[in-house]
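1. The following block contains a protein sequence and its predicted model.
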Amino acid sequence: MSKKLAGSCLCGQVEFSVSEEFGAFYQCHCQQCRQLTGSAFASNLFTRPDNINWISGAESVVNYEHPSREFSKAFCKTCGSALPFVTKSGKSLIVPAGSLLDAPSKLPQANIFMAEKACWLDGGSQAKSFDGFPE
């Protein structure tokens, strides 16, 4: 039996669980994922479409499907946090890694669409690191 992982949005209105049965864990650097996340890449786990149990707040999940491209996003209507969604094709459930409260045992296995990576990504990896805000 698979381990269950808990997840939620930032405000806690939406809670869910998924079985740790992930086929892939990708960090996508495409322009669409950068725009959807506001970051350098999206970290997503892929699993079967029915691998989710909405514990609370399912009615607060908003789905966005791009009208002409093959990508989607789900988010909490209150806080905007990224949430799991079934792909337009219906073949996979995409679980944003940051929405999980428990750490998956699977590590990212590929950085995809690197030809579209943020121009500042490499320089940013050389920046100083802090445990909190710099003083």
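-> Received it, and whenever you're ready, just let me know what you need. Numbering: from 1, shown residues only.

2. use CA for all of it now, contacts and neighbours both
-> Will do.

3. In the chain, what helix or strand scores lowest on average pLDDT?
-> Within the chain, confidence by mean pLDDT, DSSP states H and E is lowest for helix 121-124 among all helices and strands, at a mean of 88.

4. which outside residues touch that one?
-> Contact partners of helix 121-124, identified using Cα atoms under 8 Å, 6 or more residues apart in numbering, comprise Ala40.

5. How far away from the center of its chain is it?
-> 21 Å (Cα atoms, centre = their mean, to the nearest Å).

6. Show me where the chain has its helices.
-> Along the chain, the segments classed as helices by DSSP state H run 31-37, 121-124.

7. Quick check: which of the ones you listed is buried the most?
-> Of all these, helix 31-37 has the most neighbours on average by mean count of other Cα atoms under 10 Å, namely a mean of 16.

8. Show me the contact partners of that helix.
-> 40-42, 73, 116-118.

9. Of those residues, grab the buried ones for ChimeraX.
-> Buried residues among the contacts of helix 31-37 (16 or more other Cα atoms under 10 Å), as a ChimeraX selection:
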select :40,41,42,73,117
